[in-house]
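In: coords below, sequence missing:
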RNA sequence: GCGCCCGUAGCUCAGUUGGAUAGAGCAACCGCCUUCUAAGCGGUAGGUCAGUGGUUCGAAUCCACUCGGGCGCACCA
């Protein structure tokens, strides 16, 4: 049992003598927010005092009178307005450490009632290369899977790839009209990506050209309105507000117009692109028709689909292999195609879906826009696919819970999806959108290259590893006698580089946008993966120096001594591992684990600085410290592994 | 126009769901390697938690409004 549960359990009977429902009060017992307040603090005396009509400190005292923690705690203290501070006895902490010594799980017991959780994450589009936007979903989803498995749940990771949508019609169209056979032979995936981009660009060109007059009109109108408003001499608050709104409208309209002009210019500046554009005026519609034919079972398009897909999947897998991430299932949108007509029928027969402006829609209370399950042209949407997927996960996979690790901008979609599912009558299934924010560049806009393209994931990984290599080289070269062979350096660079990327992502709270910054990510100082990895390498160094084989070391029955603040702090950190894990899973927030890892590595660094193992005052103390060191190594190793990050013995 | 989110130190971000004097990393400044990896450790400085009002024992956190920023909103996924 974790320490907090133990404390709460002991408080429960004392509280139940004063009040019928103790559970909200027990929730107010927490780890202390400052070490000077001890290890845990109970905050319930103040609200309880109000309930009982007595002064808080008196209530706190009443609770303490009914409470005996002396078998494992120092006498609790009442502080401030009525906080109860609890500090564990050193011998108890030591005995706990002894119990979990040598355990990779740090004493964490698997859950009694495992759930089957399907985690839907990464979900790239097969037609286009993966980019930085897929990184968060992939890294966060993977960390959640690993953590759920660690605590004993059954997890099915499912990569719901986009292999059936409009983009596929675009590549089919592109393949038919713009294929370069030499490139296709050399690199099918590269050629498909080029074709997708080309068709997309040409479609955009026509759409933008058609839209241009409207955009120009919008700018003039916005300008005129602004001028009109400015002409009014009265400047009360209402006018001021309108004025600033108008100014904003003008800048947005301007920005849209200049973006459109620029994108048109990109085509017109290139004779070959312009020729292609002129030769294919209907490209967007025709690409959609290819998609429709694919969905309708057209043999030729299905043959192309079957031809394209394996290499697309292989390209994705190459990246997943580098990231050390794998999926139990890769059931793309295409998998659910046969189920879609049935889904719409079912919704209609239950009176949930009805025809509106030619499309079949589910109207939900509180939502202005309908949830469209079948378009006017008969095609199904991702809403339909998502509903089919839920049905499949419930009925065939027998899932208890489904997590969608998806960009927060899609929250309305999920809100509608979940609401529809409920009305549809699928029960016993918990659905949660695990949303995350956008990866931004230094300019606080979505992360792009200087040229304005999205950054490919492949090159991102290469860049991380080569930057890491420079740091590894520099550090090892600085030593009098370098510790690493070239092969070691390559391996360590990969561990540090990939760890840096993943950690940078995971240590931000998932729903906030964050700024992508190479220098911070691979910094040799501060709250980075490197800091934890370095702490691990240092602890390994201790064992190497003392010529002790950690794996063979005796851990049971060795007395643990915690006489310095550093030793005690490290020990407490190690004991709080379970609490950190539980808080991560409470709302699927991996950054709570990175925070624990950082605190733990920090506690170790202080210990390393002030508590020599090699020169311990006694053999007994050295053995005790070795227990802590070994447990620390396991803690970092296990904790980082739950985030999909590796460690190196020497770095 | 409707809806959702955000505003915390110079920068990047936490803040355990309402608790004690608001924290960390970076950057700045000062100090620590003849002893286990200095990719480290110690210290100093840095705040009107966007603003105003409210709710209460207690507010960065909850409510209302204001200012500023972002993102969605009928046939793309």
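Out: Happy to help now that I have it. Owing to the predicted nature of the structure, the values given are computational and were not obtained by experimental measurement.
In: low-confidence ranges, the stretch 451-600 of chain A, go.
Out: Judged by pLDDT under 70, the stretch 451-600 of chain A has no weakly predicted residues.
In: where do the strands sit along it?
Out: Here the stretch 451-600 of chain A has its strands, by DSSP state E, counting those that start in this stretch, at A:514-515.
In: what residues does it have near RNA strand B?
Out: A:471-472, A:475-476, A:478, A:483, A:492, A:496, A:507-509, A:511-515, A:517, A:520, A:523-527, A:530-531, A:534, A:537-538, A:540-542, A:544-545, A:583, A:587, A:589, A:591, A:595, A:598 (Cβ under 7 Å from any atom of the strand). Bear in mind the C-beta positions are built from the backbone N, C-alpha and C, glycine included.
In: so which residues on the stretch 1-150 of chain A come close to RNA strand B?
Out: Near RNA strand B, when you scan the stretch 1-150 of chain A using Cβ under 7 Å from any atom of the strand, you find A:27-28, A:30-34, A:37, A:41, A:43, A:46-47, A:50, A:56, A:79-81, A:83, A:85, A:125.
In: again, only this time at 6 Å
Out: A:30-31, A:33, A:37, A:41, A:43, A:46-47, A:50, A:79-81, A:83, A:85 (Cβ under 6 Å from any atom of the strand).
In: filter those residues to the buried ones?
Out: Buried members of those, counted by 16 or more other Cβ atoms under 10 Å: A:31, A:37, A:41, A:43, A:46, A:83, A:85.
In: any chance of JSON lines for these, columns secondary structure?
Out: Below are those laid out as JSON lines (DSSP: H, G, I helix; E, B strand; the rest coil):
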{"residue": "A:31", "secondary structure": "strand"}
{"residue": "A:37", "secondary structure": "helix"}
{"residue": "A:41", "secondary structure": "strand"}
{"residue": "A:43", "secondary structure": "coil"}
{"residue": "A:46", "secondary structure": "helix"}
{"residue": "A:83", "secondary structure": "strand"}
{"residue": "A:85", "secondary structure": "strand"}
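In: out of these, what pair is the most spread apart?
Out: A:31 and A:46 (18.5 Å; Cβ to Cβ).
In: which residue does the stretch 351-500 of chain A have closest to RNA strand B?
Out: residue A:375 (2.7 Å; Cβ to the nearest atom of the strand).
In: isn't that residue right next to residue A:383, touching?
Out: No - with contact defined as Cβ atoms under 8 Å, residue A:375 does not count as touching residue A:383 (10.3 Å).
In: the more surrounded of the two?
Out: The neighbour comparison of residue A:375 against residue A:383 (other Cβ atoms under 10 Å) goes to residue A:383, with 20 against 14.
In: can you confirm whether the one helix or strand the more buried one maps to lies near RNA strand B?
Out: Of the helices and strands defined by DSSP states H and E, residue A:383 is found in helix A:382-395. Yes - Helix A:382-395 reaches RNA strand B (Cβ under 6 Å from any atom of the strand) through residue A:382.
In: count the neighbours of the residue nearest to residue A:194 when sequence neighbours are not counted for me.
Out: Residue nearest to residue A:194 in three dimensions, not counting chain neighbours: residue A:183, with 7.0 Å by Cβ to Cβ, 6 or more residues apart in numbering. A count of nearby residues for residue A:183, using other Cβ under 10 Å, gives 14.
In: against which helices or strands is the strand or helix carrying residue A:183 packed?
Out: Element membership for residue A:183 (DSSP H and E) is helix A:181-186. Packed against helix A:181-186, as judged by 3 or more Cβ pairs under 8 Å, 6 or more residues apart in numbering; DSSP states H and E, are the following elements: helix A:188-231.
In: quick one: is the helix it packs on near RNA strand B?
Out: No - Helix A:188-231 lies apart from RNA strand B when judged by Cβ under 6 Å from any atom of the strand; the minimum separation is 10.6 Å.
In: which helices and strands sit right next to that helix?
Out: So helix A:188-231, by 3+ Cβ pairs under 8 Å, 6+ apart, packs with helix A:166-178, helix A:181-186, helix A:237-268, helix A:271-279, helix A:283-296, helix A:299-323.
In: now render the ones you listed as JSON lines, adding distance to residue A:643 and mean pLDDT.
Out: Below are the helices and strands packed on helix A:188-231 laid out as JSON lines (distance: least, Cβ to Cβ, whole Å; pLDDT from 0 to 100):
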{"stretch": "helix A:166-178", "distance to residue A:643": "31", "mean pLDDT": "92"}
{"stretch": "helix A:181-186", "distance to residue A:643": "37", "mean pLDDT": "94"}
{"stretch": "helix A:237-268", "distance to residue A:643": "38", "mean pLDDT": "81"}
{"stretch": "helix A:271-279", "distance to residue A:643": "44", "mean pLDDT": "94"}
{"stretch": "helix A:283-296", "distance to residue A:643": "38", "mean pLDDT": "91"}
{"stretch": "helix A:299-323", "distance to residue A:643": "12", "mean pLDDT": "94"}
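In: and among those, the most buried is which?
Out: Per-stretch averages of neighbours, counted by mean count of other Cβ atoms under 10 Å, single out helix A:166-178 among the helices and strands packed on helix A:188-231, with a mean of 22.
In: summarise which helices and strands it is packed against.
Out: Partner elements for helix A:166-178 (3+ Cβ pairs under 8 Å, 6+ apart): helix A:188-231, helix A:283-296, helix A:299-323.
In: make a markdown table from the ones you listed and add distance to residue A:413 to it.
Out: Listed next are the helices and strands packed on helix A:166-178 as a markdown table, based on distance: least, Cβ to Cβ, whole Å:
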| stretch | distance to residue A:413 |
| --- | --- |
| helix A:188-231 | 22 |
| helix A:283-296 | 20 |
| helix A:299-323 | 23 |
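In: surely the residue nearest to residue A:194 is in contact with residue A:191?
Out: Yes - judged on Cβ under 8 Å, residue A:183 makes contact with residue A:191 at a distance of 4.4 Å.
In: please enumerate the helices of the stretch 551-651 of chain A.
Out: A:565-575, A:577-587, A:591-610, A:619-642 (DSSP state H, counting those that start in this stretch).
In: possible to save those helices as JSON lines with mean neighbour count and distance to residue A:410?
Out: Converted to JSON lines, these look like this (neighbours: other Cβ atoms under 10 Å; distance: least, Cβ to Cβ, whole Å):
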{"stretch": "helix A:565-575", "mean neighbour count": "21", "distance to residue A:410": "37"}
{"stretch": "helix A:577-587", "mean neighbour count": "18", "distance to residue A:410": "18"}
{"stretch": "helix A:591-610", "mean neighbour count": "20", "distance to residue A:410": "21"}
{"stretch": "helix A:619-642", "mean neighbour count": "21", "distance to residue A:410": "26"}
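In: and residue A:335, which of the ones you listed is closest to it?
Out: helix A:577-587 (28.5 Å).
In: okay, the angle between that closest one and helix A:619-642?
Out: 10 degrees (axes from the mean of the first three to the mean of the last three Cα atoms, to 10 degrees).
In: mind checking which of the helices and strands packed on helix A:188-231 is nearest residue A:439?
Out: helix A:299-323 (15.7 Å).
In: who's in contact with that closest one?
Out: Residues from elsewhere that reach helix A:299-323 (Cβ atoms under 8 Å, 6 or more residues apart in numbering): A:122, A:124, A:126-127, A:129-130, A:138-139, A:142, A:159, A:161, A:163, A:168, A:171-172, A:175, A:188-189, A:192, A:290, A:293-294, A:326-327, A:330, A:334, A:457-458, A:461, A:498, A:502, A:644.
In: same question for stretch A:472-485.
Out: So stretch A:472-485 is contacted by A:489, A:492-493, A:496, A:524, A:650-651 (Cβ under 8 Å, 6+ apart).
In: check stretch A:419-436 too.
Out: Contact with stretch A:419-436 is made by A:136-137, A:140-141, A:144, A:346-347, A:350, A:352, A:362, A:364, A:367, A:371, A:383, A:387, A:390-391, A:393-394, A:399-408, A:410-411, A:414-415, A:417-418, A:510-511, A:588, as judged by Cβ under 8 Å, 6+ apart.
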